[in-house]
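Engineer: Curious how this folds, go ahead:
(chains A, B, C and D, ligands or ions: 4)
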Number of protein chains: 2
Amino acid sequence: MSDHVHTTADLTKNQSLVMGALAKASGPLSAYTILDELRDHGFRAPLQVYRALDKLVEYGLVHRLESLNAFVACSHAECEGHGQTAFTICQSCGDVTELADDDLAVRLKSLAARSGFTVRHSTVELRGTCRDCAAG
Amino acid sequence: MSDHVHTTADLTKNQSLVMGALAKASGPLSAYTILDELRDHGFRAPLQVYRALDKLVEYGLVHRLESLNAFVACSHAECEGHGQTAFTICQSCGDVTELADDDLAVRLKSLAARSGFTVRHSTVELRGTCRDCAAG
DNA sequence: ATCGCACACGTTATACCATTACACAATCAT
DNA sequence: ATGATTGTGTAATGGTATAACGTGTGCGAT
Ligand SMILES: [Zn+2]
Ligand SMILES: [Zn+2]
Ligand SMILES: [Zn+2]
Ligand SMILES: [Zn+2]
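Structural biologist: Numbers count the residues shown, from 1 in each chain, chains lettered A, B, ... in the order given. Ligands and ions are numbered 1, 2, ... in the order given. Below is the predicted model:
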């Protein structure tokens, strides 16, 4: 199981429900927002959401946005899991976009390696202004 | 005042106390830990800490670690403020190191610019294993 | 069969992080 | 003086995340 590539088909009931909520959302959701959306499906406590999220993040289907305390479905869930990802977060309209750049991953690893540090997971979150908001 | 480069000499009493707590700490501190350390100096409420932290971060003297919900004194406070910084966070010993790399800043900006996004502030936090923990 | 184990699940309570709202004092420009 | 700005103190609240405990189910080893 641990060397298996998880897809939405492998998920448990709670994991599927949380994944569904994130997949149909237009942007990131907080754990408590997910909880509220799933009360009709029997969810009663934060832990039900957090446990599902832990697994979904572990499987690479969901990313956690540290600077927003929120979670978002991976934009590339259809393909194989990807190693490195970066997010842009528009401070004006709230839009969040996932950028994939393998070269960035290499660069970050080597930057850290200079001081003997081995990267296992990296968080890159860029805040600023999106194209639409800059134009408007 | 707004175009002034702030140093520890410009700070208000509360800002100085918070800055002092962070400066003498060996690593990042949470706002509530700072509060506890400053109770003897008259601090009574979280807001006193958060208000000071807001300013210190604005002045570039302190960085916020999003993935830890904690704050750390800038390693380069003696020099001019720097634009871009990255952190390594050892998951084994908790050690946090600030890495400066201006080239990284350029790369992140241009990566974002490809999709028309203008970066105002970037968060880069690398989690993994530090040299000492890998050796031991 | 049944024991032991791993894993998902449900519930309650608690801990931890951050902000809102209101009031007061000090400072500075006009 | 007056008003605007900024820093401060206090209380209350809101938002995020985990601890601790118990239940049930599936499955391999005995
Ligand atoms: Zn992704
Ligand atoms: Zn925007
Ligand atoms: Zn710094
Ligand atoms: Zn370490």
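
Engineer: need the next SSE after the lengthiest strand in chain A, C-terminal direction.
Structural biologist: Longest strand in chain A, counting residues (DSSP state E): strand A:118-129. Tracing the chain past strand A:118-129, the next element assigned as helix or strand by DSSP states H and E is helix A:131-135.

Engineer: Can I get that following helix in PDB, CA atoms only?
Structural biologist: Extracted C-alpha coordinates of helix A:131-135, given in PDB (Å, rounded to 0.1, in the frame of the first residue of the first chain):
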ATOM      1  CA  ARG A 131      -2.800  39.600 -13.900                       C
ATOM      2  CA  ASP A 132      -6.500  40.400 -13.800                       C
ATOM      3  CA  CYS A 133      -6.200  42.600 -10.700                       C
ATOM      4  CA  ALA A 134      -3.200  44.400 -12.000                       C
ATOM      5  CA  ALA A 135      -5.100  45.200 -15.200                       C
END
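
Engineer: Can you give the distance from it to the centre of its chain?
Structural biologist: 24 Å (CA atoms, centre = their mean, to the nearest Å).

Engineer: May I have the beta-bridge partners of the residue nearest the centre of chain A?
Structural biologist: Nearest residue to the geometric centre of chain A (CA atoms, centre = their mean): residue A:63, 1.4 Å. Under DSSP bridges, the beta-bridge partners of residue A:63 are residue A:72.

Engineer: Ramachandran angles for the nearest residue to residue A:69 once chain neighbours are set aside?
Structural biologist: Distances taken as CB to CB, 6 or more residues apart in numbering or on different chains put residue A:30 closest to residue A:69, at 6.2 Å, once the chain neighbours are dropped. Using the backbone N, CA and C atoms, a C-beta is placed for each residue, glycine as well. In terms of degrees, to the nearest 10, the main-chain angles of residue A:30 are phi -80, psi 160.

Engineer: got it, and residue A:90?
Structural biologist: The phi/psi pair for residue A:90 (degrees, to the nearest 10) reads phi -80, psi 120.

Engineer: beta partners of it?
Structural biologist: Bridge pairing for residue A:90 - DSSP bridges - gives residue A:128.

Engineer: And for the one 10 residues further on?
Structural biologist: In this structure, residue A:100 has the following beta-bridge partners (DSSP bridges): residue A:85.

Engineer: how many other residues sit next to it?
Structural biologist: 15 (other CB atoms under 10 Å in any protein chain shown).

Engineer: Isn't it up against residue A:63?
Structural biologist: No. Using CB atoms under 8 Å, residue A:100 is not in contact with residue A:63, being 11.4 Å away.

Engineer: Tell me the residues that contact both of the two, please.
Structural biologist: residue A:85 (CB atoms under 8 Å, 6 or more residues apart in numbering or on different chains).

Engineer: Okay, the residue of chain A found nearest ligand 1 and residue A:99: tell me how far apart.
Structural biologist: Closest contact between chain A and ligand 1, by CB to the ion, is at residue A:74 (3.2 Å). With distances taken as CB to CB, to the nearest Å, residue A:74 is found 12 Å from residue A:99.

Engineer: any residues in contact with both of these two?
Structural biologist: residue A:85.

Engineer: can you give me the helices for chain A?
Structural biologist: Remark: helices assigned in chain A by DSSP state H are A:13-24, A:31-37, A:46-58, A:102-113, A:131-135.
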